[in-house]
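Novice: I need the structure of the sequence given here:
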Amino acid sequence: MSSTSYKVPAHIKKYVKVELYNYNKTKKLIKTMQNLELVPTHSLLIAERKIAQIDTVFNRLNEEQRKTAEVIFFKHYSQTKAELEEFISYDVYYWTMNKVIFMAAEEMDLI
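Specialist: Sure, this is the predicted structure:
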């Protein structure tokens with residue numbers, strides 16, 4: 001870990017966390033929308049862009065960070081559950097969470 005500060009304004013952090021936590025739901029929504037004949041193109045493009053941005057962030061992480069981020073955002077583990085079941089320390093959990101949120105906010109041009 002580095003001592004880099006990953007500060008993001010609270011309203012942006014909240015928005016980005018929701019997008020990260022909803023990653024799998026958004027992917028399912030894209031598949032559903034692609035199967036419909038009357039698809040609002042704008043909505044589909046926005047959803048696809050969000051998924052691509054999150055994928056870009058995850059591809060920039062090293063293997064350990066990616067695993068931790070998947071536990072946090074895709075498996076929705078609390079810090080305690082991550083520590084007990086995945087052996088992810090408190091510091092690593094929150095450092096990775098803040099780094100991913102910061103990187104995603106940058107990728108989404110929010111900061």
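Novice: buried set for the least confident helix or strand in the chain by mean pLDDT?
Specialist: Among the helices and strands of the chain, helix 23-35 carries the lowest confidence by mean pLDDT, DSSP states H and E, at a mean of 89. Neighbour counts over helix 23-35 (16 or more other CB atoms under 10 Å) mark 23, 27, 30, 33 as buried. From N, CA and C alone the C-beta is placed, and that goes for glycine too.
Novice: In this structure the third one contacts residue 51, no?
Specialist: Same thing as residue 30. Yes - between residue 30 and residue 51 a contact is recorded at 6.7 Å, counting by CB atoms under 8 Å.
Novice: Which elements pack onto the least confident helix or strand of the chain?
Specialist: helix 41-60 (3 or more CB pairs under 8 Å, 6 or more residues apart in numbering; DSSP states H and E).
Novice: circling back: closest one of the buried residues of helix 23-35 to residue 47?
Specialist: Among the buried residues of helix 23-35, residue 30 lies closest to residue 47 (CB to CB), at 5.1 Å.
Novice: Could I get the buried residues of helix 23-35 in CSV, plus columns for distance to residue 103?
Specialist: Output for the buried residues of helix 23-35, formatted as CSV (distance: CB to CB, whole Å):
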residue, distance to residue 103
23, 14
27, 19
30, 22
33, 27
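Novice: Residue 105 and residue 83: what is the separation?
Specialist: 26 Å (CB to CB, to the nearest Å).
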